[in-house]
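Undergrad: coords below, sequence missing:
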């Protein structure tokens with residue numbers, strides 16, 4: 001572990017050396033929390049991932065550096081087969097930016113057997129980025145979990161309807177993402193998602209109107225994938 005910890009420190013130093021204030025400002029314009037960011041691109045992070053390969057112990061050490069881009073790399077480097085509930089909860093509690101949240105859910109959590117349980121649990125949590133993680137995970141599972149039944153996703157639509165009352169920007173965007181993703185999974189889900197969107201529209205709040213209208217426009221135009 002000591003050697004892995006040193007490697008994580010060296011990688012973090014490499015990321016910091018490659019970063020720039022200009023890149024940090026660009027990230028901030030996209031709503032990314034740059035308080036702990038060096039200012040490098042995701043492409044740079046993925047380049048390091050090609051060098052390290054999957055390395056679960058390294059991922060744990062990278063996350064513990066607290067460096068924004070090192071945590072992105074940790075999500076790509078961790079082994080889903082070695083992830084347990086305690087680790088998912090600990091990392092979820094640390095989420096402080098939408099990009100890490102989505103990297104965490106789309107590249108790590110969805111590949112674990114706990115994915116659907118966490119989608120439901122996190123969707124009801126009060127913390128902004130934990131709640132976002134629940135809906136980001138639903139959207140990712142709608143695309144990638146080919147074996148799951150439509151019934152499992154039907155159960156998520158009630159959570160979408162409740163969370164549409166949440167006016168926080170990064171939550172509402174993920175709620176909309178989940179609604180659209182579920183609706184594009186199959187024709188029966190498209191029709192039910194449209195019904196859900198119309199009920200959301202009746203909530204008549206700014207966030208509900210945005211979530212619903214955007215989803216209705218896409219689902220009516222495109223149909224299922």
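TA: Cool, got the structure. All values derive from a computational prediction rather than experimental measurement.
Undergrad: Okay, now the unreliable bits of this structure?
TA: By pLDDT under 70, the low-scoring segments of the chain are 1-2, 223-225.
Undergrad: what residue lies at the spatial centre of it?
TA: In the chain, the centroid-proximal residue (C-alpha atoms, centre = their mean) is residue 102; its distance is 2.3 Å.
Undergrad: check which helix or strand covers that one.
TA: Per DSSP states H and E: residue 102 is located in helix 98-107.
Undergrad: what's downstream of that helix, the next helix or strand?
TA: helix 115-123.
Undergrad: show me the residues around the residue nearest to the centre of the chain that make contact.
TA: residue 136 (C-beta atoms under 8 Å, 6 or more residues apart in numbering). No exception for glycine: its C-beta is placed from N, CA and C like everyone else's.
Undergrad: how far away is it from residue 165?
TA: Distance of residue 102 to residue 165, computed by C-beta to C-beta, to the nearest Å: 22 Å.
Undergrad: same question, residue 126
TA: With distances taken as C-beta to C-beta, residue 126 is found 13 Å from residue 165.
Undergrad: more neighbours, those two?
TA: residue 165 (15 against 7; other C-beta atoms under 10 Å).
Undergrad: Distance of that one relative to residue 156?
TA: The gap separating residue 165 from residue 156 is 16 Å, by C-beta to C-beta.
Undergrad: now swap in residue 59 and tell me
TA: Residue 59 sits at a distance of 28 Å from residue 156 (criterion: C-beta to C-beta).
Undergrad: Quick check, residue 154 in contact with residue 192.
TA: Yes - assessed by C-beta atoms under 8 Å, residue 154 is found in contact with residue 192 at 6.2 Å.
Undergrad: Which residue ranges of the protein form strands?
TA: Along the chain, no stretch is classed among the strands by DSSP state E.
Undergrad: what residues go with each domain of it?
TA: Following automatic domain parsing, the chain resolves into domains at 1-78, 88-225.
Undergrad: quick one, which of these is packed in tightest?
TA: Sort the domains of the chain by mean neighbour count, taking mean count of other C-beta atoms under 10 Å, and domain 88-225 sits at the top with a mean of 19.
Undergrad: outside of stretch 126-134, which residues touch it?
TA: Stretch 126-134 is touched from outside by 92-93, 95-98, 101, 104-105, 109, 118-125, 159, 163, 166, 168, 170-171, 173-174, with contacts defined as C-beta under 8 Å, 6+ apart.
Undergrad: cutoff 10 Å now
TA: Contact partners of stretch 126-134, identified using C-beta atoms under 10 Å, 6 or more residues apart in numbering, comprise 33, 88-89, 91-98, 100-102, 104-105, 109, 118-125, 136, 156, 159, 163, 166, 168-175, 177-178.
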